[in-house]
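Undergrad: give me coordinates for this.
(chains A and B)
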There are 2 protein chains.
Amino acid sequence: MEKTGNLEYLRHSLAHLLAAAVLELHPGTKNTIGPAIENGFYYDFDFPPEGGSSSADLPTIEKKMRKILKTWKEFSGKGVTEKEAREFFKDNQYKQELIDEIISKKEKITLYTSGNFTDLCRGGHVENTAEINPDAFKLTRIAGAYWRGDEKNKMLTRIYGLAFKTKEELDEHIKMQEEAEKRDHRKLGKELKIFTFDDDVGPGLPLWLPNGAIIIEELEKLAKETELQAGYVRVRTPHIAKESMYLKSGHLPFYQDTMFPPMELEGGRYYLRAMNCPHHHKIYASEQRSYRDLPLRIAEYGTVYRHEKSGELFGLMRVRFLQMNDAHIYLTPDQFEDEFNRVNDMYLHYFEIFGIKKYLMRFSTHDPARLGEKFVNEPELWEKTEDMVRKVLGKSKIPYVEVANEAAFYGPKIDVQVWSAIGREFSLATNQVDFAQPRRFELVYIDKDNKEKTPLCIHRAPLGTHERFIGFLIEHYAGAFPLWLAPVQIRVLPIGRAHQEYARKIYTTLLDQNIRAELDDSDETLNKKIRQFKIKKIPYALVIGDKEIESKKVTVESRDKESLGQMSLENLLKKVTKEITEKK
Amino acid sequence: MEKTGNLEYLRHSLAHLLAAAVLELHPGTKNTIGPAIENGFYYDFDFPPEGGSSSADLPTIEKKMRKILKTWKEFSGKGVTEKEAREFFKDNQYKQELIDEIISKKEKITLYTSGNFTDLCRGGHVENTAEINPDAFKLTRIAGAYWRGDEKNKMLTRIYGLAFKTKEELDEHIKMQEEAEKRDHRKLGKELKIFTFDDDVGPGLPLWLPNGAIIIEELEKLAKETELQAGYVRVRTPHIAKESMYLKSGHLPFYQDTMFPPMELEGGRYYLRAMNCPHHHKIYASEQRSYRDLPLRIAEYGTVYRHEKSGELFGLMRVRFLQMNDAHIYLTPDQFEDEFNRVNDMYLHYFEIFGIKKYLMRFSTHDPARLGEKFVNEPELWEKTEDMVRKVLGKSKIPYVEVANEAAFYGPKIDVQVWSAIGREFSLATNQVDFAQPRRFELVYIDKDNKEKTPLCIHRAPLGTHERFIGFLIEHYAGAFPLWLAPVQIRVLPIGRAHQEYARKIYTTLLDQNIRAELDDSDETLNKKIRQFKIKKIPYALVIGDKEIESKKVTVESRDKESLGQMSLENLLKKVTKEITEKK
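TA: Residues are numbered from 1 along each chain as shown, chains lettered A, B, ... in the order given. So this is what the prediction gives:
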């Protein structure tokens, strides 16, 4: 906490410095508030009518800040009376409002001064202005902001800055930001023709282009193979169901706002599903089950529809059409520990394949005060199930934190957070333990003692939704997908027209071997063709010229490395088949 | 026509004979009407209050019919006046109503008599009652039927019969009917756990159980491989779209009744899609296309929803949730003949794989009188496109018939009809040539002359919907799916407990080789286990006993043939892998 405190004080001090610089540069400006924020600070200003600041001024302001900083030594604070404060800020209605607020809360009024600049301020500054590294802050952008965030108020001008302790930290942060912008899944998704949106289809409803469909199908294939080995069975169910289904599950009315509105049909109401579980419960219920049949693991490429508000839609990260490798595992309480560990092992298996090195499970529990309202009113089952999960998580090697009051309404929830290659955090998947829905659907199994009992249900989708996961992967790989996931795996580059026939043969052979290949038979120069395949982030290109035709070899260029030189087609196929199989 | 006429006369004559028999057996019964129908005849009776007939009476009635038949020689007809007719049927209000109708239509009234039985009848009888073969008819069932089909009228008793010229034809028909009942996809679908329905999900919305999902996935895999080889690209698109999409496509308002009602969301209306084409048009439109990019073949496992009326829903044959291997091919007019032939070749390829020996294409054209109403008002384009299709069909070896006035609204349609192994006809798939939608969606390509032109679009789904196709396959194969499609391919049968460990090893090896295997480790006798795997229609079973453990072989039992004797596991794997690959 000490470190965070220091950083917060540092950033807040820089907000004062910013205000001091702006007031010197633009006399008549009214300063308002300037808090520390994540990675930096901002300050809101009311510029005089004769003119304010634009992005172009930021270097000037920064320069002025550094100049002023040299004259500052410390922040000295002093308590003042309301009268003194009102007198000091007599021309600044914003400060008057802030004083009103302090008075109404019966708090003390303090002013902090550095050099010639005094601000109304609760405090929290660096002890010595020498702690402010003049090379470790940077003004980044200027934007409009309503006074106190209320659109009924006047629009002020907000200036943002970044601030760290060292120049290295600042540079690192700027680099990561730039990298994240370059890797933005919306930008790369368009450039690499992975997905698109269309006004007539609707916001939040991605259309997956052929390149995107290939990635989805490879992910599905991986999940299918993994789940087959793990003893899952697969089903296919409709995307709609009658209202009675969701009244039974309890999603109506609790979850109604997130669902699409109903369709009235022959007197019944049908809902587009927002979750796959009720359909799977119906599959469970379609025949009598014995303890010998459990765990029953029902998987499906579930597609669900969620009504996210248009303002909240964001690329692939927040959409209304979601595909996921979903599954529901029905089991006896005795089987819980073993099965839950298996599910976690599957997560770890996927993390390894995708090179996800940092991850965390957020274990969300119920709040006893909100039983019967936010959480099903089953205090004992909550305690028991949460204890089971806590015990298994504790024994496992997976890092986790426990968070109260964020469980699903039917049981404790584990959210899986992962960090991309450039260190950005993504909420990926959830794992839920459900003791309520099986009972609501009257699911039973005949136990060894010949009695009917209610199974537990684990809801799990380790790859999350295809939409969010592919969004994550685009950033994680910066669009340079590993060979097994790459929409186009190899491009064949004949140097001239004389080499096209041979190149076409190579291309056809690759297709026959189920390699996703392309032929670049344009009239461009070889250099341009090589630049092109790297821009398209295709893992390999095979150059075909006189030399290659003569030696019956191909020259292999790599997206990620230098040229791999000549090799026979046979050896190339061996190499790429191995890479594809090993998912490297 | 002569033959049909004769059969119709024969069947109608048998209706008279039925009425004669019933009236003798049940005095006081009022006879009404008795037409010839497909494969037979029926007659509706109003039995007196003291009692009518039940199914148990059918043999008695049949016996009486044969007895009466011996006394009959011919049907003699004579015209009568209204008064004579009303007098003759004075106690029969049904006949009075029929006479009202004949009078109102100003038709002649005729009575036909055979033996002692006289009926009000328009005629059409065998010339000589010797033509009625007493062994070639059979009464089949008894059912309620409202007088004149109107539920406001009295419920009468309808007796149905089958009638052919020869006993052989009758027997053949009965056998085919029995076979069709045994193969009924609803019955087998339940027994073999392929699909189920649930009230909370809704009528016409099948839930595909694990066995059904395997069949769907194998069909998808086949289509995916076939389409990959044929140069198709795959996409994934949402199942919903905004109203504007279907106004643009023209499906609204023309097709509205078949679509689910809209969902109102943030001021917009969204429809569950009833067809995939508009989404694919949007994918086409997502980037600039050149003639070099055509044909562009966009494929998807499209899922659509259609609002079939509940009374019309029927097993998998008429459902509301339809999955299909759909594709839309965008092409220049020059490419039409070649591409259309390729599509037809794909049909023939599938027919061969599934052993479909009899098929027919119904080529549906427009009706010039209904342009601008049922068909888009483009007389020249209709002529041109229909000529193109006619020409290509004519040149191909595919049998086809041409039917007017049944085209899609946007172009000519080819419906594909197939016949199952037991000779039942199914309408399977459609092929449509669309010259209207690409224009409505403003789809263009840059042609060689650098001008923007509108492509043609072929809509095709050679396997039809998964629902109907699997329904067809269940009947076609009588549930005994070929190895590659069989949900469980091999069952391992240890004879006793001592053999279970070895059997489990074999079972695990099969799973590792991606064979869908099961282990029957119950305590049943071997004979019962063998009966069981055949009932479940599993293609192979491997018997494991002392002998097999000692010789390190397995004894292979076949669902379709006698025992195949002992073989090494290695040879068995070779054999089944070959069968799976060859789809035999």
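Undergrad: low pLDDT regions in the stretch 101-250 of chain A?
TA: Within the stretch 101-250 of chain A, not a single segment meets pLDDT under 70.
Undergrad: show me which residues of it sit near chain B.
TA: Within the stretch 101-250 of chain A, the residues that sit near chain B (CB under 8 Å from any CB of the partner chain) are A:193, A:196, A:198-202, A:205-210, A:212-214, A:216-217, A:228, A:233-242, A:244-245, A:248. In short, each C-beta sits where N, CA and C put it, glycine included.
Undergrad: can you list the domains in chain A?
TA: Chain A breaks down into these domains under automatic domain parsing: A:6-174, A:190-477, A:490-582.
Undergrad: closest to residue B:470 out of those?
TA: domain A:190-477 (10.9 Å; CB to CB).
Undergrad: and among the domains of chain A, the most buried is which?
TA: domain A:190-477 (a mean of 19; mean count of other CB atoms under 10 Å in any protein chain shown).
Undergrad: and that domain, how far apart are its ends?
TA: Terminal residues of domain A:190-477 are spaced 15 Å apart (CA to CA, to the nearest Å).
Undergrad: for that domain, the distance to its chain's centre please.
TA: Between the centre of domain A:190-477 and the centre of its chain there are 17 Å (CA atoms, centre = their mean, to the nearest Å).
Undergrad: could you pull up the residues touching the residue positioned nearest the centre of chain A?
TA: Geometric centre of chain A, nearest residue: residue A:426, 3.3 Å, by CA atoms, centre = their mean. Contacts for residue A:426 were tallied using CB atoms under 8 Å, 6 or more residues apart in numbering or on different chains; they are A:417-420, A:468, A:472.
Undergrad: closest residue of the stretch 301-450 of chain A to chain B?
TA: Taking CB to the nearest CB, chain B has its nearest neighbour within the stretch 301-450 of chain A at residue A:321, 4.1 Å off.
Undergrad: can you name the residues bridging to that residue?
TA: For residue A:321, the beta-bridge partners under DSSP bridges are residue A:305.
Undergrad: ok, it touching residue A:208?
TA: No. Residue A:321 is beyond contact range of residue A:208, at 9.8 Å (criterion: CB atoms under 8 Å).
Undergrad: quick one: which of the residues of the stretch 101-250 of chain A next to chain B sit in helices?
TA: Among these, DSSP state H puts A:210, A:212-214, A:216-217, A:228, A:244-245, A:248 in helices.
Undergrad: mind putting these into TSV with distance to residue B:392?
TA: Converted to TSV, these look like this (distance: CB to CB, whole Å):
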residue	distance to residue B:392
A:210	28
A:212	34
A:213	30
A:214	32
A:216	35
A:217	33
A:228	43
A:244	50
A:245	48
A:248	53
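Undergrad: who in the stretch 301-450 of chain A is up against chain B?
TA: So far as CB under 8 Å from any CB goes, the stretch 301-450 of chain A lies against chain B at A:303, A:305, A:307, A:309-310, A:320-321, A:323.
Undergrad: so, low pLDDT: which residues of chain A?
TA: A:1-5.
Undergrad: make it 80
TA: Low-confidence segments of chain A, defined by pLDDT under 80: A:1-5, A:50-56, A:267.
Undergrad: show me what contacts residue A:191?
TA: So residue A:191 contacts residue A:479 (CB under 8 Å, 6+ apart).
Undergrad: ugh, wrong one, I meant residue A:307
TA: Contacts of residue A:307 (CB under 8 Å, 6+ apart): A:257-261, A:274, A:320, B:265.
Undergrad: from those residues, which is closest to residue A:80?
TA: For the contacts of residue A:307, the nearest to residue A:80 is residue A:257 (48.5 Å; CB to CB).
Undergrad: is it correct that the closest one falls within a helix?
TA: Yes. Under DSSP: H, G, I helix; E, B strand; the rest coil, residue A:257 falls within a helix.
Undergrad: skipping its backbone neighbours, what lies nearest it in space?
TA: Computed as CB to CB, 6 or more residues apart in numbering or on different chains, the closest residue to residue A:257 that is not its neighbour in sequence is residue A:307, at 7.1 Å.
Undergrad: what's the first helix or strand after the longest helix along chain A?
TA: Secondary structure of chain A per DSSP H: the longest helix is helix A:2-25. Downstream of helix A:2-25, the first helix or strand assigned by DSSP states H and E is strand A:30-31.
Undergrad: which residues sit against the next helix-or-strand element following that next one?
TA: Using DSSP H and E, the helix or strand that follows strand A:30-31 in sequence is strand A:36-37. Contacts with strand A:36-37, where a contact means CB under 8 Å, 6+ apart, come from A:7-12, A:15, A:124.
Undergrad: got the angle for the helix or strand following strand A:36-37 vs helix A:2-25?
TA: Using DSSP H and E, the helix or strand that follows strand A:36-37 in sequence is strand A:40-46. Angle of strand A:40-46 versus helix A:2-25, following axes from the mean of the first three to the mean of the last three CA atoms, to 10 degrees, is 30 degrees.
Undergrad: quick one: strands adjacent to strand A:40-46?
TA: Here, using DSSP bridges, strand A:40-46 pairs with strand A:30-31 (antiparallel), strand A:36-37 (antiparallel), strand A:155-163 (antiparallel).
Undergrad: can you name the element that comes right after it?
TA: helix A:58-71.
Undergrad: name the helices or strands packed onto that next one?
TA: Helix A:58-71 is packed against helix A:2-25, strand A:137-146, with contacts defined by 3 or more CB pairs under 8 Å, 6 or more residues apart in numbering or on different chains; DSSP states H and E.
Undergrad: can you list the ones you listed in JSON lines and add distance to residue B:501?
TA: Shown next, in JSON lines, are the helices and strands packed on helix A:58-71 (distance: least, CB to CB, whole Å):
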{"stretch": "helix A:2-25", "distance to residue B:501": "61"}
{"stretch": "strand A:137-146", "distance to residue B:501": "69"}
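Undergrad: ok, back up a step: give me the next element, helix or strand, following the helix or strand harbouring the residue nearest to the centre of chain A.
TA: Using DSSP H and E, residue A:426 sits in strand A:425-434. Counting by DSSP H and E, the element after strand A:425-434 in chain order, helix or strand, is helix A:437-440.
Undergrad: keeping just the C-alphas, turn that following helix into CSV.
TA: What follows is helix A:437-440, C-alpha atoms only, in CSV (Å, rounded to 0.1, in the frame of the first residue of the first chain):
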residue,chain,number,x,y,z
GLN,A,437,-31.2,-25.6,-11.0
PRO,A,438,-31.1,-29.5,-11.0
ARG,A,439,-33.7,-29.4,-8.2
ARG,A,440,-35.8,-26.8,-10.1
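Undergrad: and the gap between the closest residue to residue A:410 other than its chain neighbours and residue A:492?
TA: Residue nearest to residue A:410 in three dimensions, not counting chain neighbours: residue A:436, with 3.8 Å by CB to CB, 6+ apart. As judged by CB to CB, to the nearest Å, residue A:436 and residue A:492 stand 57 Å apart.
Undergrad: same question, residue A:441
TA: For residue A:441 relative to residue A:492 (CB to CB), the value is 55 Å.
Undergrad: residues touching whichever residue of the stretch 51-200 of chain A sits closest to chain B, list them.
TA: As assessed by CB to the nearest CB, chain B sits closest to residue A:200 within the stretch 51-200 of chain A, at 4.1 Å. Contact analysis of residue A:200 by CB under 8 Å, 6+ apart lists B:241-242, B:244-245, B:248, B:278, B:282.
Undergrad: same check on residue A:463?
TA: By CB under 8 Å, 6+ apart, the neighbours of residue A:463 are A:219, A:223, A:324-325, A:350, A:428-429, A:469.
Undergrad: mind redoing it with 7 Å?
TA: Residue A:463 makes contact with A:219, A:223, A:325, A:350, A:429, A:469, according to CB atoms under 7 Å, 6 or more residues apart in numbering or on different chains.
Undergrad: excluding sequence neighbours, find me the nearest residue to the fifth one.
TA: To tie it back to what came earlier, the one meant is residue A:429. residue A:464 (4.0 Å).
Undergrad: for the one you found, give its distance to residue A:354.
TA: 12 Å.
Undergrad: go on, residue A:378?
TA: Counting by CB to CB, the gap from residue A:378 to residue A:354 is 37 Å.
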